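**Student:** Quick one: sequence and predicted model below, then my questions.
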Amino acid sequence: MYFLRSVVMCCLLSAMGIQTMAGSLPQPSGRVILTVEGALSNTNGDGVARFDREMLEDLSMHLTRTDTPWTEGVIAFEGPLGRRLLDYVGARGQTLIVTALNDYSTEVPLADFYEYDVILALKMDGDYIRIRDKGPIFIVYPFADNPALHTEVIHNRSVWQLKSIRIK
C-alpha cells in the first residue's frame, strides 16, 4: 500500500510540475526554516533537503481546524501535509526524528503522516506562526477529527518550533 501511494504521489507531483527526480529539488531563495536529512532520495544540498517558507507553501497548503492542548479553542492551522513533504523528498525510512529550535527531539513513526492528516503548520488563524507562538513550523495532528489522538504519546510528537526532520 505504501509503495502504491508513493507511486501515485510521484505521478501527481510530476503532473503538477513539481520535480521529483533525485537531486532535483530547487534551492531555497529565502531563509531556510526546515532541513530534512537521512533516508531520502531528493535533495538540494549534500544529502539534505532545505526548505524556506515559500517552498513549503508550494507543496500545497492544507487547512485543519482543531483544538490542541496548547491553544485556546479550535484554531485554523494551515500548512503542507506531512506526507506530501515525505513524498516530495522521497522518504525511504520508517521513523522520523523531529527536532525543535530548542533541540527537543522525539521519534515519530513515518506511518503517522500517512495514517492521519498531520500538517506542518505555518499559519494559525491566517497568520504566519511566529517563533514565540510555536513557529515557524508546528506539527499538528487532526485532534478534532480523531479525539483518540489526544494521548500523551501523540502530544509529544506534536513538536512546535520544528527545525529539522531526520528520516531513518
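**Tutor:** The structure has been received and is ready for your questions. Numbers count the residues shown, from 1 in each chain.
**Student:** Residue ranges in this structure under the pLDDT threshold?
**Tutor:** Regions of the chain meeting the criterion pLDDT under 70 cover residues 1-23.
**Student:** Which parts of it are strands?
**Tutor:** 32-38, 48-52, 62-66, 75-79, 95-100, 105-109, 119-121, 123-124, 127-128, 138-140, 162-167 (DSSP state E).
**Student:** Mind putting those into a markdown table with distance to Pro26?
**Tutor:** For glycine as for every other residue, the C-beta is placed from the backbone atoms N, C-alpha and C. Output for the strands of the chain, formatted as a markdown table (distance: least, Cβ to Cβ, whole Å):
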| stretch | distance to Pro26 |
| --- | --- |
| strand 32-38 | 13 |
| strand 48-52 | 10 |
| strand 62-66 | 21 |
| strand 75-79 | 19 |
| strand 95-100 | 23 |
| strand 105-109 | 26 |
| strand 119-121 | 18 |
| strand 123-124 | 22 |
| strand 127-128 | 21 |
| strand 138-140 | 24 |
| strand 162-167 | 18 |
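**Student:** residues in contact with Leu120?
**Tutor:** Listed by Cβ atoms under 8 Å, 6 or more residues apart in numbering, the contact partners of Leu120 are Leu34, Leu56, Gly79, Pro80, Leu81, Gly82, Leu85, Ile137, Phe138, Ile139, Val140, Leu162.
**Student:** From Val159, how far off is the residue lying closest to it once chain neighbours are set aside?
**Tutor:** Of all residues not flanking Leu120 in the chain, Gly79 sits nearest, at 4.6 Å (Cβ to Cβ, 6 or more residues apart in numbering). Shown here: Gly79 relative to Val159, a distance of 13 Å by Cβ to Cβ, to the nearest Å.
**Student:** More neighbours: which of those two?
**Tutor:** Set side by side, Gly79 and Val159 show more neighbours around Gly79, with 29 against 23, by other Cβ atoms under 10 Å.
**Student:** before we move on, the earlier item: pretty sure the residue nearest to Leu120 contacts Met61?
**Tutor:** Yes. At 6.4 Å, Gly79 counts as touching Met61 under the criterion of Cβ atoms under 8 Å.
**Student:** any shared contact partners between these two?
**Tutor:** Shared contacts of Gly79 and Met61, counting by Cβ under 8 Å, 6+ apart, come down to Leu122, Lys123.
**Student:** picking up where we left off before, relative to Thr106, which of the contacts of Leu120 is nearest.
**Tutor:** Ile139 (9.7 Å; Cβ to Cβ).
**Student:** Done for today, thanks.
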